[in-house]
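1. Here's my sequence, what's the structure:
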Amino acid sequence: MEIFIKDEFIKLGQALKLAGLVGSGVEAKDVILNGEVKVNGEVDLRRGKKVYVGDTFEFAGETVVVSKKE
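-> Numbers count the residues shown, from 1 in each chain. All right, here's what the predicted structure looks like:
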């Protein structure tokens, strides 16, 4: 799966919502704090973690690539 952003980065919680993997910011916070999300292969517990173009994150069996919106 791939998401497209217009800025240099997106916060992890927002990226999860953009990818449609969670329905709300509260849900994003919960799954991140529970250690269910990996960024570039490593668990990250910060929902404010900046995810940049070229990074990947994983949740619920889905791997998402962050790409630049043209």
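2. quick one, what contacts V37?
-> 12, 16, 31, 43-44, 57-59 (C-beta atoms under 8 Å, 6 or more residues apart in numbering). C-beta coordinates here come from the backbone N, C-alpha and C atoms, glycine included.
3. Correction: the previous question concerned I3.
-> 10, 15, 18-19, 64-67.
4. Most neighbours among those residues, which one is it?
-> Among the contacts of I3, the one with the most neighbours (other C-beta atoms under 10 Å) is A15, at 26 neighbours.
5. Look up how far D7 lies from it.
-> A15 sits 12 Å away from D7, going by C-beta to C-beta, to the nearest Å.
6. Whichever strand or helix holds V51: which residues count as buried?
-> V51 is part of strand 50-52 when elements are defined by DSSP states H and E. For strand 50-52, the neighbour count (16 or more other C-beta atoms under 10 Å) marks V51 as buried.
7. swap in stretch 11-20?
-> Per 16+ other C-beta under 10 Å, stretch 11-20 contains these buried residues: 11-17, 19.
8. Just to be sure, G48 is in a helix?
-> No - counting by DSSP: H, G, I helix; E, B strand; the rest coil, one finds G48 to be coil, located in no helix.
9. Report all helices and strands that the strand holding V51 contacts.
-> Judged by 3 or more C-beta pairs under 8 Å, 6 or more residues apart in numbering; DSSP states H and E, strand 50-52 is in contact with strand 9-11, helix 12-18.
10. Including distance to G25 and mean pLDDT, could the ones you listed go into JSON lines?
-> JSON lines is the format used below for the helices and strands packed on strand 50-52 (distance: least, C-beta to C-beta, whole Å; pLDDT from 0 to 100):
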{"stretch": "strand 9-11", "distance to G25": "10", "mean pLDDT": "96"}
{"stretch": "helix 12-18", "distance to G25": "6", "mean pLDDT": "96"}
